[in-house]
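Novice: here is my input, please return the structure:
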Amino acid sequence: MSLVHLPQQPTFQQQGLAGYRYPLQTDAFELYRVEVTKGHDYYIISKTITHTYYILDGAGTFDINGVVQPVKAGDCVEVQPGVEYTYSGTMTVHLLMSPPWYEGNEIRTKPNPAVMTE
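Specialist: Just a heads-up that it's a prediction; the model follows:
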């Protein structure tokens with residue numbers, strides 16, 4: 001057993017969010033706390049990673065294959081590989097990625113208009 005703490009600085013940042021990776025020992029998955037201020041900047045399709053989001057606080061929407069679903073604290077959203085999606089809102093989420101994230105997994109298909117403004 002090991003106790004892990006979130007890093008003080010974000011592991012990654014985008015225009016509408018900041019993510020903090022829990023420093024876990026396992027290589028089977030990754031767990032992040034994501035502070036969403038607007039949303040994910042692009043619609044994406046994951047090649048091989050399943051993304052599971054648990055909404056801790058706040059509210060927003062997930063657009064999954066063109067179907068927009070509202071989410072709130074306590075909801076869980078699972079997005080399988082090969083599915084186009086994005087999310088918007090003001091919320092704090094836990095994001096579990098299995099297998100762990102790797103460069104080249106995501107295909108960006110178009111900007112999320114709730115986040116990306118010209």
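Novice: once you drop chain neighbours, what's closest to the residue positioned nearest the centre of the chain?
Specialist: In the chain, the C-alpha closest to the average C-alpha coordinate belongs to Leu95, at a distance of 5.5 Å (CA atoms, centre = their mean). When the adjacent residues along the chain are set aside, Leu95 lies closest to Tyr32, with 4.4 Å between them (CB to CB, 6 or more residues apart in numbering). Any C-beta I mention is one placed from the backbone N, CA and C, and that applies to glycine too.
Novice: what pLDDT does Glu118 get?
Specialist: The confidence metric pLDDT takes the value 56 at Glu118.
Novice: still on that earlier bit, run the chain-centre distance for the helix or strand that the residue nearest to Leu95 is a member of.
Specialist: Assigned by DSSP states H and E, Tyr32 belongs to strand 30-36. Using CA atoms, centre = their mean, to the nearest Å, the mean C-alpha position of strand 30-36 is found 7 Å from that of the whole chain.
Novice: need the next SSE after that strand, C-terminal direction.
Specialist: Toward the C-terminus, strand 30-36 is succeeded by strand 42-46 as the next helix or strand (DSSP H and E).
Novice: I'd like to know which elements that next one is packed against.
Specialist: Helices and strands touching strand 42-46, by 3 or more CB pairs under 8 Å, 6 or more residues apart in numbering; DSSP states H and E, are strand 84-98, strand 106-111.
Novice: and Leu3, which of the three is it?
Specialist: Following DSSP: H, G, I helix; E, B strand; the rest coil, Leu3 is assigned to coil.
Novice: what about it, neighbour count?
Specialist: For Leu3, the number of neighbouring residues by other CB atoms under 10 Å comes to 4.
Novice: what do you get for the one 10 residues further on?
Specialist: Counted by other CB under 10 Å, the residues lying close to Gln13 total 11.
Novice: wait, it touches Gly19, no?
Specialist: Yes - Gln13 sits in contact with Gly19 when judged by CB atoms under 8 Å, with a separation of 7.4 Å.
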